[in-house]
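# Just to be clear, the model below is a prediction. Sequence and coordinates:
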Amino acid sequence: MLLGLHPYDVAAIRQMDEVFARGVPDPHYQRRRSLATLVACDVETPSSHVFAGAMGTAVAREGYDLLLTRIGRTYLVESRTAKADGLLALFGDDALDAPPADLRRREAVWRRNRQGLRQHELDCPPEALPRLLLASYNDELWQERSELCLSCGACNLVCPTCYCFDVQDVVDWDLKSGRRFRLCDSCMLQDFAKVAGGHQFRLRRDRYRHRFYRKGLYMPERFGFVACVGCGRCIDSCIAGVASPVDVYNALLERHPEVLEEPVEGLGKRSLGQALEALLGREGPEEAATGARDRALTTTPTLAEAEESTAALPQAATAMLPLEQLAARDPYVPERATIVEMRPLTQSETFYRLRLASGHPLGHQSGQFVQISLMGIGEAPISVSSGPGQETAFEIVVRRVGNVTEALERLRPGDTVGVRGPYGTAFPMADLRGKDILVVAGGIGIVPVRSAIKEVLRHRGDYGRLTIAYGMRAPQDRLFGDEIELWRQEPGVTVLETVDHLEGLWHGQVGPVTTLLPGCGIDPGRTAALVCGPPVMYRYVLSDLIATGMRPEDIYVSLERKMKCGIGKCGHCQINGVYVCQEGPVFTYAQVRNLPEALQ
């Protein structure tokens, strides 16, 4: 039982109900939520920084089991569920029907709270926050205020609508059992978006900005509500004094007053808004069947609508699954897989062939990834390198860069690991039939596109020319050397290679992978490009491909991010408002070129 929830806390819980029910339902949240009893209480003494009145969350009309409102020396109690009726029945004759006069006194409490829960006044209407943020992405305010931010994460930890988390394992003393648990995390922490190779996708300014954009733009885009309920706890907890949403939004409005004059219909004309709307509008099988996907910024509720329904959440999407279904659908539990084969490819990369204990094929498509789990150590997202097919074994290549990958290298054939997945989007190989295929890979980026190469070779007559442009740091970093030589012998296949630095024996080209593109014979009208490599490679390769006349829609990129949960819940892999583990990792360049965080 959660006792004494304020109306804005009820609004936050309703938002979380929607978050953890959408897409892949989170069984652990839903199990606890279905067993919880929410006893709300109208505010009697406002906290020093609350601004729920400005966010439409000062009064709760639904979303609770019981609501207590103090009227004089007594409490008016409203029951909304059968569970709450059972609680009231315990009081017997002491629970009396409320007379109309007491209901009017409660209305007076609500009117007082709509005004009293405004210790700070928000100058920008909540429904206009997405518009304000679309106009402010490159504002100097983010740099100015982030310089004072300590990146401590306190604002996230006290926020009722912050739900980012990490997944960790603990091994028992017998070394045979243990447990996997969820740990609160914070997008403000320095390593939140840092990948195993060490690349940091968000600097302090970007982390500071992301917190406000997530609540005021990305959540409205995805779910249709502003994910700030005006509790003011972040203001209380920030010792640097830079966490206040009211201060930030009001300061931005002073710099961009024109946003209040712009019609809502104009939002889609902004580049960032266009990119988000296009990506989040891509319907997967479940959304296409249920129609549950909300449409973007134009559906953000007004202040009046938010107050009327606490958060204006769509009810159909937040239905809880029966407990027996939850037990059978735990997306965090990996399946056992046996290492069938492993061999070193370079000093840092090792090849693995795995077979699921169930005997079933992985069922992946080219470009997807899996979560490889070593209980007690953790999980790591690894691209699947084998081609799609009916084989019960699948292949991955692992670079030794972190705890999981180092421990994985200590295993031997016959040992077991955990596997979750496959996850994410894939290269649309069926749609590319009849086209010339250009593969541009840098370093370990050859691993995920190898799956697509093998699919093209398997169905050779379905595709035109296959050109592979492969760049690596030095000759000793070359992966799949024997296979590459076999690819060269295939009809209609051209393989071009280059190294960044000439170390040891090498008779090929020297220079970045872009130096290979002029020799690829690109016909922009019939070529599809598959690009994968380190972050620094993308901007140069993509620029050169566009210069050949290729359309952004015909260029596919695979983006690396810190995937943890794999089901779009934990927040680690987010680029702007997009979850790479679900909407990616494969995107067209057209989809991500206007997302500032995508190609950093």
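Looks like it came in fine. The structure displayed is predicted, hence computed values, not measured ones.
# low pLDDT regions in the stretch 101-250 of the chain?
For the stretch 101-250 of the chain, applying pLDDT under 70 flags the ranges 196-198.
# try 80
Scanning the stretch 101-250 of the chain for pLDDT under 80 picks out 193-201.
# Ok, the chain next?
For the chain (pLDDT under 80), the answer is 91-95, 193-201, 262-329, 390-391, 503-505, 561-562, 600.
# In it, which helix is the longest?
For the chain, the helix with the greatest residue count under DSSP state H is helix 100-116.
# so where does residue 566 fall, helix or strand?
Assigned by DSSP states H and E, residue 566 belongs to neither a helix nor a strand.
# Show me how the record splits the chain into domains.
2-116, 126-324, 334-423, 436-558 (automatic domain parsing).
# quick one: which of those is nearest residue 584?
Closest to residue 584 of the domains of the chain is domain 436-558 (C-beta to C-beta; 7.7 Å). Every residue, glycine included, has its C-beta placed from N, CA and C.
# What segments of the stretch 151-300 of the chain are strands?
Applying DSSP state E, counting those that start in this stretch to the stretch 151-300 of the chain gives strands spanning 165-171, 178-184.
# The last one pairs with which strands, and in what direction?
If I follow you right, that is strand 178-184. Sheet pairing for strand 178-184, assigned by DSSP bridges, gives strand 165-171 (antiparallel).
# now the strands of the stretch 151-300 of the chain in TSV, with mean neighbour count?
Listed next are those as TSV, based on neighbours: other C-beta atoms under 10 Å:
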stretch	mean neighbour count
strand 165-171	16
strand 178-184	13
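# If we go by neighbour counts, what in the longest helix of the chain is buried?
For helix 100-116, burial by neighbour count (16 or more other C-beta atoms under 10 Å) applies to 102, 105, 106, 109, 110, 113, 114, 116.
# still on that earlier bit, want to throw the strands of the stretch 151-300 of the chain into TSV with distance to residue 125?
Converted to TSV, the strands of the stretch 151-300 of the chain look like this (distance: least, C-beta to C-beta, whole Å):
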stretch	distance to residue 125
strand 165-171	31
strand 178-184	31
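# Nearest to residue 192 among the ones you listed would be which one?
strand 165-171 (9.0 Å).
# quick one: contacts of that closest one?
177-185, 332, 375-379, 564-565, 569-572 (C-beta atoms under 8 Å, 6 or more residues apart in numbering).
# The same query, at a cut-off of 7 Å, please.
178-185, 332, 375-379, 564-565, 570 (C-beta atoms under 7 Å, 6 or more residues apart in numbering).
# Output that strand as CSV, nothing but the C-alphas.
The C-alpha coordinates for strand 165-171 follow below in CSV (Å, rounded to 0.1, in the frame of the first residue of the first chain):
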residue,chain,number,x,y,z
PHE,A,165,17.5,2.0,-14.6
ASP,A,166,20.4,-0.4,-14.8
VAL,A,167,20.2,-4.2,-14.6
GLN,A,168,22.7,-5.9,-12.4
ASP,A,169,23.4,-9.4,-11.0
VAL,A,170,24.5,-10.6,-7.6
VAL,A,171,25.9,-14.1,-7.1
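# distance between it and the chain's centre?
Between the centre of strand 165-171 and the centre of its chain there are 18 Å (C-alpha atoms, centre = their mean, to the nearest Å).
# Now do the lengthiest strand in the chain: which elements does it pack against?
Longest strand of the chain, by residue count under DSSP state E: strand 335-344. Packing contacts for strand 335-344, counted by 3 or more C-beta pairs under 7 Å, 6 or more residues apart in numbering; DSSP states H and E, involve strand 349-356, strand 416-423.
# go again using 10 Å as the cut-off
Where contact means 3 or more C-beta pairs under 10 Å, 6 or more residues apart in numbering; DSSP states H and E, strand 335-344 is packed against strand 349-356, strand 369-374, strand 393-399, helix 403-409, strand 416-423.
# List the strands paired with the helix or strand following the second one, with their directions.
The first helix or strand that comes after strand 369-374 along the chain, using DSSP H and E, is strand 378-383. Here strand 378-383 has these sheet partners by DSSP bridges: strand 369-374 (antiparallel).
# The strand it pairs with to strand 335-344, inter-axis angle?
Strand 369-374 runs at 90 degrees relative to strand 335-344, counting by axes from the mean of the first three to the mean of the last three C-alpha atoms, to 10 degrees.
# Now do strand 369-374 and strand 349-356, the angle between them.
Using the same axes, to 10 degrees: strand 369-374 against strand 349-356 is 90 degrees.
# returning to what we had before: out of the helices and strands packed on strand 335-344, which one sits most buried?
Most buried of those by mean neighbour count (mean count of other C-beta atoms under 10 Å) is strand 369-374; its value is a mean of 25.
# Give me the angle between that strand and strand 416-423.
Using the same axes, to 10 degrees, the direction of strand 369-374 lies 160 degrees away from that of strand 416-423.
# closest to residue 583 out of the strands of the stretch 151-300 of the chain?
strand 165-171 (19.4 Å).
# Quick one: the helices in the stretch 51-200 of the chain, in order.
Using DSSP state H, counting those that start in this stretch, the helices of the stretch 51-200 of the chain run over residues 52-55, 82-89, 100-116, 129-134, 141-146, 154-157.
# can you tell which of those is closest to residue 241?
helix 141-146 (9.4 Å).
# Mind listing what's buried along the closest one?
By 16+ other C-beta under 10 Å, the buried positions in helix 141-146 come out as 141, 142, 145, 146.
# Surely the third one touches residue 240?
I take that to be residue 145. Yes: with contact defined as C-beta atoms under 10 Å, residue 145 reaches residue 240; the gap is 8.9 Å.
# CA-only coordinates of the longest strand of the chain, as PDB, when you get a sec.
As requested, the backbone C-alpha atoms of strand 335-344 are provided in PDB (Å, rounded to 0.1, in the frame of the first residue of the first chain):
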ATOM      1  CA  GLU A 335      17.900 -18.400 -22.500                       C
ATOM      2  CA  ARG A 336      20.900 -20.600 -22.000                       C
ATOM      3  CA  ALA A 337      23.200 -21.100 -24.900                       C
ATOM      4  CA  THR A 338      26.300 -23.300 -25.300                       C
ATOM      5  CA  ILE A 339      29.500 -22.200 -26.900                       C
ATOM      6  CA  VAL A 340      30.000 -24.500 -29.800                       C
ATOM      7  CA  GLU A 341      33.200 -22.900 -31.200                       C
ATOM      8  CA  MET A 342      35.500 -20.000 -30.300                       C
ATOM      9  CA  ARG A 343      38.600 -18.800 -31.900                       C
ATOM     10  CA  PRO A 344      40.700 -15.600 -31.900                       C
END
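# By neighbour count, which bits of that strand are buried? Give me those.
335, 337, 339, 342.
# If the last one is in a bridge, with which residues?
When assigned by DSSP bridges, residue 342 has beta-bridge partners residue 352.
# Repeat that for the first one.
The partner list for residue 335 in beta bridges (DSSP bridges) reads residue 419.
# wait, it sits on residue 356?
Yes: using C-beta under 10 Å, residue 335 is in contact with residue 356, at 5.7 Å.
# any common contacting residues for those two?
Common neighbours of residue 335 and residue 356, using C-beta atoms under 10 Å, 6 or more residues apart in numbering, are 362, 419.
# Nearest spatial neighbour of residue 87, chain-adjacent residues omitted?
residue 66 (6.6 Å; C-beta to C-beta, 6 or more residues apart in numbering).
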